[in-house]
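Visitor: Whatever this is, show me its structure:
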Amino acid sequence: MTSYDIEIASSERHLVRIRDFHIRPNAVTFLLGESGIGKTLIAKALYGLLDRSGLTVSINDMEYSAYVASPEVNTLQRNGFFVFQEPSSHFHPLLTIGEQIREASLQETADEREIAEHLWNGASIESLLNIYPKPFRPSGGEKQRFLLVMAFKKIKTFLRHADAKDALFIFDEPTGSLDNFYRDRFLNFLFACYRQKSFTALIITHDYSMITEIHRRHSDLVPKIDFTEMSNENGQQILTSFAPKTYTHWLSGQKVLSKASNEAPELLRLASGINIFGRRLSFHRSPDDPDEVPLILRAGEWVYLKAPSGVGKTTIAKIIAGLMPAQSIDLQFERKPAPAISMRSEWKKIWGRTLTMVFQHADEALNQQANVADALKGLPPSLNQENVWQHIQTMYGADIEKKFLKQKIAHLSGGQKQRLNLLRALLLNAKIVLLDEPLNGLDFQSLSTVIERLRQKSEAGTGLVVISHNEEIFDALIPKENIYFLKSV
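Guide: Model (predicted):
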C-alpha cells in the first residue's frame, strides 16, 4: 500500500490536510465523495502537477519541490497520464485536435485507431482531427473522449514494455460529459487493458452507478478494485472504504413513482420542434422513435429528459425558465401561453412562483461573496428562521452548527454549494422545479437525502423536470411513460 500524508495551505487557510491517503499498487481505486473537498488538489499534488503559486505544500513531510523532483514522481509521470476534470483545460487552442493527441510520447500508433473506434462506437473521428478546439467544438463529450484516447495510448505503451513497472494513471471525472453508454465503453476498455497487465489507477468520480456496472460486467476484477469515499471532518479530509452494497441496497429499495392522473392539473406543456441556434430540438418516447410528442408535466409528477451530452438538455431548461430566447417555440404554463422572453416584468411574476431552476453548476446561481444566510433571504413569509434552520439540518445533517449561516459561499465545498442551491429552490415552493444535474458533486449520504426531499416535494404537488447523467438512479424512480428523449437536427 502506498500511503501519503498531504498538506496544502493558502495564505488564508488549509485547503487539504489528510493523513494516510492510500492507493493500492497495481489496483484500480475509485475515489468518491462530494466535490470541492480537495480530491482534485490531492491528485494533482501526487502527480506533481499542482500550481504552487501562493500555496504551501508538503507530502510526507517533504517540500513539494523536492517531491516533484524525486525519481519516483518522474517515473510515474513518464509512464502514466493525468486526465483532467475539465477537458478544455488540457487542449491548446492553437493546435488541432489531431496534433495534440499525437504529440511527443503520444505519436500516432496502431493503437490509436482501435481506441478511437471503441470510444466512438465505430464512428469515424477524421472530421474532428483538423479542428482547433473551441469552447463549443468539439463538444464536451468529444473532448472528454479525445483526452481518454491520449490516456489509453499511454496505457497501451505501458503494456507493451515488460520492464515498465511503476506508473500512475489518474482519471479525474473521466465520464462527467458522457452518457451511460459511453461511460460503460470507457470502463470496458480500461478493464480490458488491466486484464492484460495490472497497473495503478486512481479514478475520481461522483458517479456511484459505476459500482453496479463494475459488479455486473467486471466481477472477476472486484478483488483488485477499491472503492473509497472522502469526507471533511473539522477541517481535515478523511478517507474511508466505501462498501458497494451501501449504494446497491439503497438503489434496489427505491420504488418507482406513480404517474400522475390525467385529471391532475397540467403545469407545463412544451411542444416539440423548438428552433434555436440553427438547430431544431424535438421530443420522443424512445431514442429510435421518429414520432414527436410534446413534453407535458402535471402536478405531483417527475419527468426525465434524456439525451447525450451537448444535444441541448440545458438549453431546453433555460428556454422553459425564460433565460434563453428561441426562434420558434410553443410553451404553456397551466394551459396559458408563456410570455415573450422580452416581457421581463411578466417573467418576474413567474420566477419563484410558477417555476424555479436548479442550475447544473451551483456557482451560476449563488453569489460567491455572500454568506449562507444571505443566500436564503427572500423565501416565503411562512418560513420563519426556525423553519429554515430545520430544513438546513435536514439537508446538511443534525450536527451542523449555526455558524454555518455566516460562512462565505466561496469557501463552501462544491457539494455544500449544490445542497444550498437545491435547498433554496425547494423552499421557494414554486409549482415547477427545473433540475439540471441536481446530484452534481454530492456524496452518497447527500444524494440519498436530496432524492428523499424531491420525493416529498412531488408528493406535495410540485412538478419536477429532471436532467441528469445519473440514469440508473432516475430510471429506477421515474415511470417509463414520463421519460422523454431529446433529439437535435
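
Visitor: surely V57 meets D5?
Guide: No: look at V57 against D5 with C-beta atoms under 8 Å: they stay out of range, at 11.9 Å. (C-beta placed from N, C-alpha, C; glycine too.)

Visitor: neighbour-wise, which of these two wins?
Guide: Shown here are V57 and D5; by other C-beta atoms under 10 Å, V57 has more neighbours (21 against 14).

Visitor: Which strand or helix spans the more buried one?
Guide: Assigned by DSSP states H and E, V57 belongs to strand 56-59.

Visitor: any idea how far that strand is from the chain center?
Guide: 28 Å (C-alpha atoms, centre = their mean, to the nearest Å).

Visitor: so what strands line up beside the helix or strand that comes right after that strand?
Guide: Where DSSP H and E defines the elements, the next helix or strand beyond strand 56-59 is strand 62-63. Take DSSP bridges as the rule and strand 62-63 pairs in its sheet with strand 56-59 (antiparallel).

Visitor: contact partners of the partner strand?
Guide: Outside strand 56-59, the residues within contact range by C-beta atoms under 8 Å, 6 or more residues apart in numbering are 4-10, 45-46, 50, 63-64, 67.

Visitor: Check stretch 366-381 too.
Guide: Contacts of stretch 366-381 (C-beta under 8 Å, 6+ apart): 352, 388, 404-410, 412, 417, 420-421, 423-424, 427-429.

Visitor: Now stretch 312-324: buried residues?
Guide: In terms of neighbour count (16 or more other C-beta atoms under 10 Å), stretch 312-324 has its buried residues at G312, K313, T314, T315, I316, A317, K318, I319, I320, A321, G322.

Visitor: Let me see the contact set for the fourth one.
Guide: Spelled out, that is T315. Applying C-beta under 8 Å, 6+ apart to T315 gives the contacts I276, F277, L281, M324.

Visitor: which element follows the helix or strand harbouring it toward the C-terminus?
Guide: Under the criterion of DSSP H and E, T315 resides in helix 313-320. Following helix 313-320 in sequence order, the next helix or strand is strand 331-333 (DSSP H and E).

Visitor: which helices and strands sit right next to that next one?
Guide: Contact here means 3 or more C-beta pairs under 8 Å, 6 or more residues apart in numbering; DSSP states H and E; on that basis strand 331-333 packs against strand 266-270.

Visitor: What's the mean pLDDT across the strand it packs on?
Guide: If you average the pLDDT over strand 266-270, you get 97.

Visitor: Go through the very next helix or strand once past that strand and flag the buried ones.
Guide: Next along the chain after strand 266-270, taking DSSP H and E as the criterion, comes strand 274-276. The neighbour-count check on strand 274-276 (16+ other C-beta under 10 Å) flags I274, I276 as buried.

Visitor: per-residue confidence averaged over strand 274-276?
Guide: Strand 274-276 comes out at a mean pLDDT of 94.

Visitor: same check, this time on stretch 129-142
Guide: pLDDT averaged over stretch 129-142 gives 80.

Visitor: try stretch 380-395
Guide: In the prediction, stretch 380-395 has an average pLDDT of 89.

Visitor: quick revisit: neighbour-wise, which one of the contacts of strand 56-59 leads?
Guide: A45 (25 neighbours).

Visitor: and that residue, what is it in contact with?
Guide: Shown in contact with A45 (C-beta under 8 Å, 6+ apart): I6, I8, V16, V57, I59, Y64.

Visitor: Assign the first one to helix, strand or coil.
Guide: Going by DSSP: H, G, I helix; E, B strand; the rest coil, the secondary structure assigned to I6 is strand.

Visitor: Was I right to think it contacts I42?
Guide: Yes: with contact defined as C-beta under 8 Å, I6 reaches I42; the gap is 5.9 Å.

Visitor: intersection of neighbour lists for those two?
Guide: Joint contacts of I6 and I42 (C-beta under 8 Å, 6+ apart) are V16, I18, F21.

Visitor: Now, those residues that are in strands?
Guide: Assigned to strands by DSSP state E, the following of the shared contacts of I6 and I42 qualify: V16, I18, F21.

Visitor: Could you report the neighbour count for the second one?
Guide: Around I18 sit 19 other residues, with neighbours defined as other C-beta under 10 Å.
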